[in-house]
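# Just the structure for this:
(one chain, ligands or ions: 1)
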Amino acid sequence: MVLAELGSKINHALRNMGTASVVDEQALDACLKEIATALIQADVNIKMVKQLRDNVKRQVQIEDLAAGLNKKRVIEKAVFSELCSMLDPSTEPYELKKGKSNVVMFVGLQGNGKTTTCTKYAYANKRKGYRPAMICADTFRAGAFDQLKQNCTKAGIPFYGSYTETDPAAIAQAGVDRFRQEKYDLIIVDTSGRHKQEDALFEEMREIEEAVQPDCIVFVIDGSVGQAAYDQALAFKKTVPVGAVIVTKLDGHAKGGGALSAVAATDSPIIYIGTGEHIDQFEHFEAKSFVSRLLGLGDWHGFMDKITDVIPEDQQPDLIEKLQGGTFTMRILYEQYANIMKMGPMSQVMSMIPGLGGDIIPKGADEASHERMKHFMTVMDSMTDAELDATDMKIFQEESRLRRIAMGSGRPAREVGSLMQEFKKMSMMWGKMKGLKGFSGKGGMSALTQRQNINQMTKMLPPGLLNQMGGAGALQNLMRQMESGGGFPGGFPGLG
Ligand SMILES: Nc1nc2c(ncn2[C@@H]2O[C@H](COP(=O)(O)OP(=O)(O)OP(=O)(O)O)[C@@H](O)[C@H]2O)c(=O)[nH]1
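Just a heads-up that it's a prediction; the model follows:
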């Protein structure tokens, strides 16, 4: 993401100030000038950049700061909080309610990624336990219904649309009525776009809104739209009551700043960002976490959310029990793979860990490892219950058994062999994890336990990874954060 460059430029400005012999008004001005240039280069609205600069200066009041106070820290904090408020309009997004048919309508210009985003949104909420259904109210673009149908089929989500009806409001209404009757609790209405803001589009949006009376209207904006974002967002907000924003395509070369700062125009929060074409390249957005990651400080809360998202709370004690007492089995390995797949791209997860970054995983390695896990799961699908629950590896030394598993799964015999090796490695790692104390999330970890755990984890981690994490000291910080973050909900499947 080009935004990473913005993060490092801001960091550079703050670091430069730290090395100045005296942190005075002049040093602060120079630092803010550098930050402002970086923000403008990332397409953030110029007026907002000026506002950020003024607000930091007002907050810091450098000449009045008491002697002995760490001025650099005060400035850093002010920059952090101003960046957060720039991205956070302080209005709460609509919360989906269980047990009712929530109707969410998506609007945005053509090609901004609306249809793709509707599917990602439906899929993300399906994983949270909702029953989503989608409606294509786009009669403007030929092929729009087919695209939505295809997306929905892939994601296993029911859909509604029409090849003959030409009134989008009538389609939307009929779809919402049908899915309401069928008790779907998340009904998503995808509307049409136009290449530019024009009256016909806005009129159509108004009619659909009137017909379906949505609980929330989500405005989808392309992350690469630049300085034009503000006016675009404003035009949509003036027409319909936009309640939330999703910024797409924040991968690749998007500068992002324009679209991200357009929240000010809509006065509605960004709820998700799209980071790729795949259905799971979709991240929950929270301004503080985002700025934290932008400045390379990690996003511990996002990481914990991701883990708890994958391992529901009621299943965590079960996993902890297995981790602490049980013996490693193929079934546990299968469950761990399934958890990792649910988490989405590993580089995304890694970038949330303070001290690490998304680039810790080489380009393309994410997909390759997902493919590999999928194949291993296919192999395991052809194992018997006795094999999946076996605690004695000896049974896997029988050649005829391995041949049967390979044939049954349709995977090559060497892959079955690789799975056995992986199992052995994970089983050893599991054995070492068993000794780690204090992961139950209940009660604090004593300093001694923490030291013992760090020693043990240091031995478990590949040296390269440990260095990238900043050595044993960083690991210690990480463990402390884990403690304050509410403990570690049962195993860390990714590190395998
Ligand atoms: N790289 C990247 N591509 C995306 C993202 N979201 C959507 N796209 C791509 O953007 C293109 C346009 O997406 P659509 O979902 O068809 O756009 P739309 O806004 O629904 O267009 P209309 O239905 O014509 O209004 C597609 O090729 C998507 O795969 C994203 O987050 N990252």
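# can you count the residues close to the residue of the stretch 201-350 of the chain found nearest the ligand?
The ligand sits closest to residue 274 of the stretch 201-350 of the chain, with a gap of 2.6 Å, by CB to the nearest ligand atom. Using the backbone N, CA and C atoms, a C-beta is placed for each residue, glycine as well. By the criterion of other CB atoms under 10 Å, residue 274 has 25 neighbours.
# what sits against the residue nearest to it when sequence neighbours are not counted?
Using CB to CB, 6 or more residues apart in numbering and skipping the chain neighbours, the partner closest in space to residue 274 is residue 248 (3.7 Å). Going by CB atoms under 8 Å, 6 or more residues apart in numbering, residue 248 touches 112, 113, 116, 117, 220, 221, 222, 223, 273, 274.
# one step back: I'd assumed residue 116 was in contact with the residue of the stretch 201-350 of the chain closest to the ligand.
Yes - counting by CB atoms under 8 Å, residue 274 does reach residue 116; the two are 7.2 Å apart.
# circling back to that earlier point, so what does the residue nearest to residue 274 have for phi and psi?
With angles defined as degrees, to the nearest 10, residue 248 sits at phi -100, psi 170.
# what bridges to it?
Residue 248 forms beta bridges with residue 222, as assigned by DSSP bridges.
# hmm, back to that, the residue of the stretch 201-350 of the chain closest to the ligand: what's it in contact with?
The neighbourhood of residue 274, defined by CB under 8 Å, 6+ apart, consists of 113, 116-117, 120, 223, 246-251, 281-282.
# swap in residue 181?
No residues are in contact with residue 181 under the rule CB under 8 Å, 6+ apart.
# at 10 Å what do you get?
Neighbour list for residue 181: residue 101 [criterion: CB atoms under 10 Å, 6 or more residues apart in numbering].
# could you measure it against residue 100, distance?
Per CB to CB, to the nearest Å, residue 181 is found 14 Å from residue 100.
# Assign the spatially most central residue of the chain to helix, strand or coil.
Residue closest to the average C-alpha location in the chain (CA atoms, centre = their mean): residue 283, at 2.6 Å. Secondary structure for residue 283, judged by DSSP: H, G, I helix; E, B strand; the rest coil, is strand.
# wait, it sits on residue 121?
No - Residue 283 is not in contact with residue 121 according to CB atoms under 10 Å; the separation is 11.9 Å.
# Need phi/psi at residue 271.
phi -100, psi -30.
# hmm, back to that, could you export the contacts of residue 248 to JSON lines, including columns for distance to residue 5?
Putting these into JSON lines (distance: CB to CB, whole Å) gives the following:
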{"residue": "112", "distance to residue 5": "23"}
{"residue": "113", "distance to residue 5": "22"}
{"residue": "116", "distance to residue 5": "25"}
{"residue": "117", "distance to residue 5": "25"}
{"residue": "220", "distance to residue 5": "24"}
{"residue": "221", "distance to residue 5": "21"}
{"residue": "222", "distance to residue 5": "19"}
{"residue": "223", "distance to residue 5": "14"}
{"residue": "273", "distance to residue 5": "17"}
{"residue": "274", "distance to residue 5": "19"}
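# can you tell me the helix or strand for residue 184?
According to DSSP states H and E, residue 184 maps onto no helix or strand at all.
# Output the helix ranked longest in the chain as PDB, nothing but the C-alphas.
For the chain, the helix with the greatest residue count under DSSP state H is helix 413-434. These are the backbone C-alpha positions of helix 413-434, laid out as PDB (Å, rounded to 0.1, in the frame of the first residue of the first chain):
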ATOM      1  CA  ALA A 413       1.700 -39.400  -2.600                       C
ATOM      2  CA  ARG A 414       4.500 -36.900  -2.100                       C
ATOM      3  CA  GLU A 415       1.900 -34.400  -0.700                       C
ATOM      4  CA  VAL A 416       0.800 -37.000   1.800                       C
ATOM      5  CA  GLY A 417       4.400 -37.300   2.800                       C
ATOM      6  CA  SER A 418       4.800 -33.500   3.200                       C
ATOM      7  CA  LEU A 419       1.700 -33.500   5.300                       C
ATOM      8  CA  MET A 420       3.200 -36.100   7.600                       C
ATOM      9  CA  GLN A 421       6.400 -33.900   7.900                       C
ATOM     10  CA  GLU A 422       4.300 -30.900   8.700                       C
ATOM     11  CA  PHE A 423       2.300 -32.800  11.300                       C
ATOM     12  CA  LYS A 424       5.600 -33.900  13.000                       C
ATOM     13  CA  LYS A 425       6.800 -30.300  13.100                       C
ATOM     14  CA  MET A 426       3.600 -28.900  14.400                       C
ATOM     15  CA  SER A 427       3.300 -31.700  16.900                       C
ATOM     16  CA  MET A 428       6.800 -30.800  18.300                       C
ATOM     17  CA  MET A 429       5.800 -27.200  18.400                       C
ATOM     18  CA  TRP A 430       2.500 -28.100  20.200                       C
ATOM     19  CA  GLY A 431       4.500 -30.000  22.800                       C
ATOM     20  CA  LYS A 432       6.600 -26.900  23.500                       C
ATOM     21  CA  MET A 433       3.500 -24.700  23.600                       C
ATOM     22  CA  LYS A 434       2.000 -27.000  26.200                       C
END
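# Just name whatever secondary elements it is in contact with.
The contact analysis (3 or more CB pairs under 10 Å, 6 or more residues apart in numbering; DSSP states H and E) places helix 413-434 against helix 316-325, helix 330-343, helix 365-381, helix 399-409, helix 447-460.
# Quick one: work out the angle between that helix and helix 399-409.
Calculated by axes from the mean of the first three to the mean of the last three CA atoms, to 10 degrees, helix 413-434 forms an angle of 100 degrees with helix 399-409.
# so how far is helix 413-434 from its chain's centroid?
29 Å (CA atoms, centre = their mean, to the nearest Å).
# With stretch 194-209 instead?
Put simply, stretch 194-209 sits 30 Å off its chain's centre (CA atoms, centre = their mean).
# ok, now stretch 106-117?
Its chain's average C-alpha position is 19 Å from that of stretch 106-117, according to CA atoms, centre = their mean.
# List the buried residues in that stretch.
For stretch 106-117, the neighbour count (16 or more other CB atoms under 10 Å) marks 106, 107, 108, 109, 112, 113, 114, 115, 116, 117 as buried.
# if we can go back for a sec, can you tell me which of the contacts of residue 274 are up against the ligand?
Contacts with the ligand within the contacts of residue 274, counted by CB under 6 Å from any ligand atom: 113, 116, 248, 249, 251.
# That concludes my questions; thank you for your assistance.
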